[in-house]
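Colleague: fold the stuff below for me.
(chains A, B, C and D)
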Protein chains: 2
Amino acid sequence: MNETDVISALRFHGGRVTKARRAIIQSLLNAKNHITAEELVLMVKQKYPAVHLSTVYRNLEELEKLGIIRHTHFLHSPAIYHLEGQIHIHLVCEICGKIVESPVELFSPVSRELKKTFGFSINFRHFALAGRCSACYEDN
Amino acid sequence: MNETDVISALRFHGGRVTKARRAIIQSLLNAKNHITAEELVLMVKQKYPAVHLSTVYRNLEELEKLGIIRHTHFLHSPAIYHLEGQIHIHLVCEICGKIVESPVELFSPVSRELKKTFGFSINFRHFALAGRCSACYEDN
DNA sequence: TTAAATGCAAAGAATTTGCATAACA
DNA sequence: TGTTATGCAAATTCTTTGCATTTAA
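Modeller: Numbering: from 1, shown residues only, chains lettered A, B, ... in the order given. Take a look at the predicted model:
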C-alpha cells in the first residue's frame, strides 16, 4: 500500500485530492508505527501549517471507511491509527504506559472458544488490552 | 459485602460518613448489576436531590481505592462500576450494544501465554472487549 | 460550476478539579 | 474545632459538527 494506491482508492470513491489530504496520507505512510491524530497533524503542519486537526480526523475517518487504516483505543489516551496491514494486538501497561504488540494468533484459541460458547466474534484490535508489564508487575 | 462492611472500611481509612456517601453506598449495593455514575446519581437523587455527579465520581474513586468496587470501560460509553466480587469479562457488540458476560476462566490460557511470552499480566476487566454478537455477525 | 473538502470555532460526552461552604468526628 | 466531604461551576481531553469559504474536477 503506497501513496498512489491510496489516492486511487479515494478517487474511485468520488474523493478529491487536496493538498491537505495528500500530506495527511504521506505522513501516515511515513509513520512506520501507529500514530495519534495529534501527532499526525504536527507532521502535516510542518509542510502545511494551516491544516486543522478536524481535517485530520475527517480524513482518518474517510481512510478507515475505505479499509486503508484502522484505529485502536488506548486506556485513557487518544486513539492510534495504523495501516490495515500491520495487525497486532496492543497490550498497554496501566502503570508505566509501555506498549507491547502481540501477534493475533495468540488469541485464536480464546476467540474460537468465545465464538463457540457465546456466539461472540471478538475484535481484539479495537481496544488495547490493559495490564502490567513485567517490571511494574513485580513492583506491586 | 454489605453496608456495614463498607462503612467500616471507610472509617478505618479515616473517611467520614455523610448522608450523600451513605446513600451512594446503599444505591451501589442495591444495584444488582453494574451501574454507571449517571445512573447512580439518579438513584441517589431520589432521596437526596442535592447530591452532585461529581460527588458520586469522588465516592466511586474512593471506594475503588478501598478495593470495594471496580470499573470497566465500554466502547464509547460511560464506565460501569460493580462490586469487586462480581467478576466477569464484558463483551460488547459494536453494532447493537448487546453485552455478554464471560467467566474469567475462559481467558486463563491466553493470560498464561501472554505472561510467559511477554511478561505481561493482562487485566481483562478494565476494558470491555468489543466484537459482534451472533445476530449482528450474520447480518454483516 | 458545483459538489466535496477545509478551517475555524463551538459543541459534545465523560470525567476531573478548584474553591468556598457545610458537616462529620 | 479542624479536617474531610460536598455542591457548584468551570476546566480537561479527545473527538465531532455546523457553517461559511475555498478548491478540485
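
Colleague: close to DNA strand C: what parts of chain A are there?
Modeller: With Cβ under 7 Å from any atom of the strand as the criterion, chain A meets DNA strand C at residues A:10, A:14-16, A:18, A:20-21, A:24, A:48, A:50-52, A:54-55, A:58-59, A:62. Glycine gets a C-beta too; all of them are placed from N, C-alpha and C.

Colleague: need the phi and psi values for the residue nearest in space to the middle of chain A.
Modeller: With distances taken as Cα atoms, centre = their mean, A:Tyr81 lies nearest the centre of chain A, 2.3 Å away. Main-chain torsions, A:Tyr81, degrees, to the nearest 10: phi -120, psi 140.

Colleague: report the beta-bridge partners for it.
Modeller: A:Ile35, A:His71 (DSSP bridges).

Colleague: who are the contact partners of A:Arg11?
Modeller: A:Val17 (Cβ atoms under 8 Å, 6 or more residues apart in numbering or on different chains).

Colleague: now do the same for it: helix, strand or coil?
Modeller: When classified by DSSP: H, G, I helix; E, B strand; the rest coil, A:Arg11 comes out as helix.

Colleague: just the helices in chain A please.
Modeller: Taking DSSP state H to define them, one finds helices in chain A at A:3-12, A:19-30, A:37-47, A:53-65, A:108-118, A:134-139.

Colleague: including distance to B:Leu28, could the ones you listed go into a markdown table?
Modeller: Output for the helices of chain A, formatted as a markdown table (distance: least, Cβ to Cβ, whole Å):
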| stretch | distance to B:Leu28 |
| --- | --- |
| helix A:3-12 | 50 |
| helix A:19-30 | 44 |
| helix A:37-47 | 36 |
| helix A:53-65 | 37 |
| helix A:108-118 | 27 |
| helix A:134-139 | 29 |
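
Colleague: reformat the ones you listed as TSV; add mean pLDDT and distance to DNA strand D.
Modeller: Output for the helices of chain A, formatted as TSV (pLDDT from 0 to 100; distance: least, Cβ to the nearest atom of the strand, whole Å):
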stretch	mean pLDDT	distance to DNA strand D
helix A:3-12	96	6
helix A:19-30	96	5
helix A:37-47	97	5
helix A:53-65	97	3
helix A:108-118	96	25
helix A:134-139	80	21
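
Colleague: among the ones you listed, which is nearest B:Leu75?
Modeller: Taking Cβ to Cβ, helix A:53-65 is the member of the helices of chain A nearest to B:Leu75, at 15.8 Å.

Colleague: show me what that closest one is packed against.
Modeller: helix A:19-30, helix A:37-47, strand A:69-74 (3 or more Cβ pairs under 8 Å, 6 or more residues apart in numbering or on different chains; DSSP states H and E).

Colleague: out of those, which comes closest to B:Leu106?
Modeller: strand A:69-74 (22.5 Å).

Colleague: chain center to the closest one, what's the gap?
Modeller: How far strand A:69-74 lies from its chain's middle: 4 Å, per Cα atoms, centre = their mean, to the nearest Å.

Colleague: point out the other helices and strands that it packs with.
Modeller: Partner elements for strand A:69-74 (3+ Cβ pairs under 8 Å, 6+ apart): helix A:53-65, strand A:77-83, strand A:89-93.

Colleague: which residue packs closest to A:Ala79, ignoring adjacent ones?
Modeller: Spatial nearest neighbour of A:Ala79, excluding adjacent residues (Cβ to Cβ, 6 or more residues apart in numbering or on different chains): A:His71 at 4.6 Å.
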